[in-house]
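[1] please find the sequence and the predicted model below.
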Amino acid sequence: MGSAQDGIAGERRQLLNIAYRLLGSLAESEDAVQEAYARWYALPGGRRDEIVSPGAWLTTVTGRICLDVLGSARARRERYVGAWLPEPLPDRPQRENGQESLADQIVLDESVAMAFLVVLESMTPAERVAFVLHDVFRYPFAEIAGVLGRTPAACKQLAASARRRVGATPAPATATGQADTIRRLKKAWEDKDVAALVSVLDPAAVMTADGGGLVGTVLRPVEGGAQIAQYMLAIADKAPGMELLERSVNGVPGLVARRDGVVMTVASFDVADGRVTRIWAVRNPEKLGPWGL
């Protein structure tokens, strides 16, 4: 019995990784996984004994819960103040006490890069579930059919549709190339050098900020490299003492703005041909919890 229980508990990390990629929120991911486990333990003992693969059962239930959350997300996002962005994740710190936080359990790879998560947001809930489970986690369509309540063939079509959305996005810069570009942006920002900022920003760059109505920020995307440069300088003028730190954000080079030791903003970037094409700035303090540890 003990080993069986250990095996069930051991599924938690995988389920959290699936849920985060589906929902883009640590809190919602944890809630979905907790609910899946609650349903497991609510089953009569005899029913649990009949389940050949508890891990597959938990994955199916977690996927269905996430599908429901995604279905209701549109209405919730309509009430959200300004743009909604996925929750940014820091690199896993080396904790002296050996304990892992929720963020530590998420594997940082290309499937959690902010640019990728934003593309996932453009998918329908069913497309996102089919694509993440199949293309990211390699679950067969026969199992995904049980999550979506559709035929394997229909799930295959959903994943193909989602794949076309991903395929329409340009290939990301290498980590080294991105880090060099972000370092140039950081220096220009710190120097308040508008010409240098404009040179590192693509003329058609877009900046999206997420304050959640809890802190001041632009409610609509800022479009154009020159406009973004002016906005960045205005921020620097309004926040004397702001410290910029180069940090990995969702496994990709990014920047963290800190003031008086408190993280105020976590910024992710898309880079092409040595220039920043997209900026995603998360300022909502409810999404910055992992950065204050």
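    Nice, thanks for sending it over.
[2] quick one: Thr208 is in a strand?
    Yes: Thr208 forms part of a strand when assessed by DSSP: H, G, I helix; E, B strand; the rest coil.
[3] which positions within stretch 270-278 qualify as buried?
    By neighbour count with 16 or more other Cβ atoms under 10 Å, stretch 270-278 contains the buried residues 270-272, 275-278. The C-beta positions use only the backbone N, C-alpha and C, and glycine is treated the same way.
[4] which ones are touching Ala209?
    Taking Cβ atoms under 8 Å, 6 or more residues apart in numbering as the contact definition, Ala209 lies against 82-83, 217-218, 222, 280-283.
[5] which one of those residues is nearest Ala19?
    Here the nearest of these to Ala19, counting by Cβ to Cβ, is Val282; it sits at 19.0 Å.
[6] now Val218. Its backbone dihedrals?
    With angles defined as degrees, to the nearest 10, Val218 shows backbone torsions of phi -70, psi 140.
[7] that one: what's it in contact with?
    Val218 makes contact with 82, 207, 209, 231, according to Cβ under 8 Å, 6+ apart.
[8] just the buried members of those residues?
    The neighbour-count criterion (16+ other Cβ under 10 Å) marks 82, 207, 209, 231 among the contacts of Val218 as buried.
[9] so what pairs up with the third one in the strands?
    This means Ala209. Here Ala209 sits in beta bridges with Ala281, going by DSSP bridges.
[10] just for this protein, where's the confidence low?
    Applying pLDDT under 70 to the chain picks out residues 1-7, 93-99, 168-174, 293.
[11] can you map out the strands along it?
    Along the chain, counting by DSSP state E, strands occupy 201-210, 222-223, 243-249, 252-259, 262-272, 275-282.
[12] just send those back as TSV, with distance to Arg39 too.
    Converted to TSV, the strands of the chain look like this (distance: least, Cβ to Cβ, whole Å):
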stretch	distance to Arg39
strand 201-210	32
strand 222-223	44
strand 243-249	34
strand 252-259	35
strand 262-272	34
strand 275-282	32
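[13] who's sitting farthest from the centroid in the protein?
    The centre of the chain is farthest from one residue, Gly46, which by Cα atoms, centre = their mean lies 38.4 Å away.
[14] ok, now which ones touch that one?
    Under the criterion of Cβ under 8 Å, 6+ apart, Gly46 has no neighbours.
[15] care to break this protein down by domain?
    Domains of the chain are assigned by automatic domain parsing as 2-81+125-167, 175-292.
[16] please name whichever of the ones you listed is nearest to Pro88.
    So among the domains of the chain, domain 175-292 is nearest, using Cβ to Cβ, at 4.4 Å.
[17] highest neighbour count among the contacts of Ala209?
    In terms of neighbours by other Cβ atoms under 10 Å, the contacts of Ala209 top out with Val282 at 28 neighbours.
[18] residues touching Val266, list them.
    Residues near Val266 by Cβ under 8 Å, 6+ apart: 88, 247, 249, 254-257, 281-282, 288, 291.
[19] measure Trp57 to Gly24 for me?
    Per Cβ to Cβ, to the nearest Å, Trp57 is found 25 Å from Gly24.
[20] need the helices for the protein, in chain order.
    Along the chain, the segments classed as helices by DSSP state H run 2-9, 12-23, 26-42, 45-50, 54-79, 114-121, 125-131, 141-148, 152-167, 175-191, 194-200, 225-238.
[21] who wins for proximity to Ala103 among these?
    Checking the helices of the chain against Ala103 by Cβ to Cβ gives helix 26-42 as the closest, at 6.2 Å.
[22] show me what the closest one is packed up against.
    helix 12-23, helix 54-79 (3 or more Cβ pairs under 8 Å, 6 or more residues apart in numbering; DSSP states H and E).
[23] circling back to that earlier point, looking at the strands of the chain, which is closest to Val136?
    Comparing those by Cβ to Cβ, strand 252-259 comes nearest, at 16.4 Å.
[24] paired strands for that closest one, with orientation please.
    Assessed with DSSP bridges, strand 252-259 is paired to strand 243-249 (antiparallel), strand 262-272 (antiparallel).
[25] what's in contact with the shortest one?
    Outside of strand 243-249, the residues within contact range by Cβ under 8 Å, 6+ apart are 88-91, 108, 114, 179, 182-183, 186, 189-190, 253-259, 266-268.
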